[in-house]
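In: Predicted model follows, preceded by the sequence.
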Amino acid sequence: MAFNEDLANRIRETLKLFPEEFTEKKMFGGLSFLYQGKMTVGVVKDELAVRVIGDKMEMVLENPHARPMDFTNRPMKEFVFVMKEAIQTEEELLSWIELGLEHAKHKIQRG
């Protein structure tokens, strides 16, 4: 399954703003960016996939361009898909990446 390489490159460039180190891994038929082995964000087809702390899911899903990630017709816990309309600017992309990184750090802290 192909993924939007332009979006992947935008993510790579934005990740350079962070002091943390990220790795890439093919997942969900696309490409994911991981922090200490935990997925933060990824690209699936033309959409951004983001891990979100459970307590923030309701707020995140208020965005009309975000929806639960649903590969198997069942929503995946703490995952959202974000349409291109919500990542037009680098600031918008950065905010989604920050949400994903927050999720990864939260999971690492909890062990």
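Out: Perfect, I can see it now.
In: now what about stretch 5-16, what contacts it?
Out: Contact partners of stretch 5-16, identified using CB atoms under 8 Å, 6 or more residues apart in numbering, comprise 22, 31, 33, 41, 43, 46, 48, 84, 87, 90, 93-94, 97. Where C-beta positions appear, they are placed from N, C-alpha and C, glycine not excepted.
In: May I see the buried residues of the longest helix belonging to the chain?
Out: Using DSSP state H, we find that the single longest helix of the chain is helix 90-110. The neighbour-count check on helix 90-110 (16 or more other CB atoms under 10 Å) flags 93-94, 96-101, 103-105, 107 as buried.
In: Show me what that helix packs onto, helices and strands only.
Out: Judged by 3 or more CB pairs under 8 Å, 6 or more residues apart in numbering; DSSP states H and E, helix 90-110 is in contact with helix 5-15, strand 30-35, strand 38-44, strand 47-51.
In: highest average neighbour count across the ones you listed?
Out: strand 47-51 (a mean of 26; mean count of other CB atoms under 10 Å).
In: Next secondary structure element downstream of that strand?
Out: Later in the chain than strand 47-51, the nearest helix or strand by DSSP states H and E is helix 57-60.
In: quick revisit: reformat the contacts of stretch 5-16 into JSON lines and put distance to Arg67 next to each item.
Out: Formatted as JSON lines, those follow (distance: CB to CB, whole Å):
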{"residue": "Phe22", "distance to Arg67": "25"}
{"residue": "Leu31", "distance to Arg67": "20"}
{"residue": "Phe33", "distance to Arg67": "20"}
{"residue": "Val41", "distance to Arg67": "15"}
{"residue": "Val43", "distance to Arg67": "16"}
{"residue": "Asp46", "distance to Arg67": "14"}
{"residue": "Leu48", "distance to Arg67": "12"}
{"residue": "Lys84", "distance to Arg67": "13"}
{"residue": "Ile87", "distance to Arg67": "14"}
{"residue": "Glu90", "distance to Arg67": "23"}
{"residue": "Leu93", "distance to Arg67": "18"}
{"residue": "Leu94", "distance to Arg67": "21"}
{"residue": "Ile97", "distance to Arg67": "18"}
